[in-house]
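Undergrad: what would the 3D arrangement of this be:
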Amino acid sequence: MLFRSKDMGISEQDAIKELQTRDAVFVAYSQATKLPYVICDEESFNDQVWVFATEEEIKAFGKKKLEEKVLLMGMKYEKKDYPRFYGTLYAIGVNSVVWVDGENQIEVELTKIARQADFSQLEPKKQPLFNSTLQLSGIYFMQELRRPLKKEERTANMREMEEELIVNLKKSEFLVAMATDPEDPKKVNIPYLKNKQGDILQPAFTDVMEFDKFARGKKLRAAKVPFAKLPGLIISQAKAFVINPMGFNLILDREQLGRILGVKIPAAVPMPAAQPEKPEEAKAEETQNAPAAEEAAQPAEDAAKSEE
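TA: Okay, here's the model as predicted:
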């Protein structure tokens with residue numbers, strides 16, 4: 001049974017003030033996606049994230065959701081991190097926040113808490129990439145797919161969720177990480193990851209915030225490419241692309257990628273064990289830097305004042 005979103009004694013104005021100025025809040029995160037846990041409300045169909053005033057309250061919520069085999073974790077955000085948090089919500093397609101403070105519980109539209117940053121004045125090539133619709137469909141799919149349920153226990157229409165995810169993948173652009181070759185500025189090296197089995201996975205990202213998580217502390221830039229161009233950028237040793245490895249972590253192997261696009265993609269070339277591992281070289285036509293995540297949202301002070 002889900003906590004229902006309803007006003008139990010707190011005004012919207014007070015809730016907005018708490019969500020903007022409180023010293024710290026606790027956010028329900030999904031262990032399946034490493035992102036805020038998103039619920040589609042059964043009545044309003046709003047895509048909600050649940051935020052709590054105390055650690056005890058979020059633990060109680062997590063315990064209740066565990067009965068549904070939904071694995072959550074609490075993430076503490078201090079006031080200085082609110083721009084980053086609300087920027088994340090915009091980036092993943094969330095449109096409302098459910099604020100829980102003791103017996104008080106109320107749903108607030110995200111636009112009344114923080115403004116979405118406006119990049120429309122920038123040149124198209126300089127505008128940061130966001131794919132909120134793709135993020136949201138990926139989150140819902142992975143939240144359900146990674147619940148430890150038997151096949152007969154599933155009530156969600158996984159096929160429908162998968163089809164929606166595929167549609168959004170096909171119409172989206174992605175960021176592919178690259179690093180300039182120190183010996184030849186005209187070439188770039190492609191970073192990659194390895195799973196526990198030793199398979200090489202090439203990362204790609206739905207937006208600048210996911211890229212920023214991966215690139216922090218590294219000298220990387222990103223090439224923006226449509227989904228259909230990903231097969232042409234996969235390094236020969238990579239068994240698969242991993243979309244948002246620091247987020248919902250969707251792995252698309254060569255066969256799956258080819259099936260979605262209706263093309264034949266050659267198998268990966270094994271990396272010789274005797275040779276040192278080196279990222280493959282590739283050319284990048286278009287690059288962009290990832291802006292700081294904090295730029296993605298700004299406090300909606302005017303919105304809060306308008307409620308007074």
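Undergrad: helix/strand/coil for F141?
TA: helix (DSSP: H, G, I helix; E, B strand; the rest coil).
Undergrad: report the contact partners of it.
TA: By C-beta atoms under 8 Å, 6 or more residues apart in numbering, F141 lies in contact with 158, 161-162, 164-165. Heads up, the C-betas are built off the backbone N, CA and C, glycines and all.
Undergrad: quick one: which of the residues you listed sit in strands?
TA: Of the contacts of F141, none are assigned to strands by DSSP state E.
Undergrad: narrow those to those that are buried.
TA: Using 16 or more other C-beta atoms under 10 Å as the burial test, the contacts of F141 include 161, 164-165 as buried.
Undergrad: now pLDDT and distance to V70 too, for these, in TSV please.
TA: Listed next are the buried ones among the contacts of F141 as TSV, based on pLDDT from 0 to 100; distance: C-beta to C-beta, whole Å:
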residue	pLDDT	distance to V70
M161	94	15
E164	96	20
L165	97	19
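Undergrad: among these, which one sits closest to Y37?
TA: Distances from Y37 to those, taken as C-beta to C-beta, are shortest for M161 (16.0 Å).
Undergrad: does that closest one really touch E144, like I thought?
TA: Yes: at 6.5 Å, M161 counts as touching E144 under the criterion of C-beta atoms under 8 Å.
Undergrad: before we move on, the earlier item: mind putting the buried ones among the contacts of F141 in a markdown table, distance to S172 included?
TA: Formatted as a markdown table, the buried ones among the contacts of F141 follow (distance: C-beta to C-beta, whole Å):
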| residue | distance to S172 |
| --- | --- |
| M161 | 16 |
| E164 | 13 |
| L165 | 10 |
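Undergrad: from these, which ones fall inside helices?
TA: Secondary structure from DSSP state H places 161, 164-165 of these in helices.
Undergrad: which helices and strands does the longest strand seen in the chain pack with?
TA: Longest strand in the chain, counting residues (DSSP E): strand 173-181. Using 3 or more C-beta pairs under 8 Å, 6 or more residues apart in numbering; DSSP states H and E, the elements in contact with strand 173-181 are strand 184-189, strand 200-205, helix 208-215, strand 221-226.
Undergrad: so which of those comes closest to I265?
TA: strand 200-205 (12.5 Å).
Undergrad: name the strands paired with the closest one and say parallel or antiparallel.
TA: Paired neighbours of strand 200-205 in the sheet (DSSP bridges): strand 173-181 (antiparallel), strand 193-194 (antiparallel), strand 240-243 (parallel).
Undergrad: comparing those strands, which comes out most buried?
TA: strand 240-243 (a mean of 22; mean count of other C-beta atoms under 10 Å).
Undergrad: other residues contacting that strand?
TA: With C-beta under 8 Å, 6+ apart, strand 240-243 has contacts from 138, 169, 174, 193, 199, 201-206, 230, 234, 249-254, 256-257.
Undergrad: ok, the helix or strand just after that strand: who's next to it in the sheet?
TA: Tracing the chain past strand 240-243, the next element assigned as helix or strand by DSSP states H and E is strand 250-253. Sheet pairing for strand 250-253, assigned by DSSP bridges, gives strand 240-243 (antiparallel).
Undergrad: let me see the mean pLDDT of the partner strand.
TA: The average pLDDT within strand 240-243 is 97.
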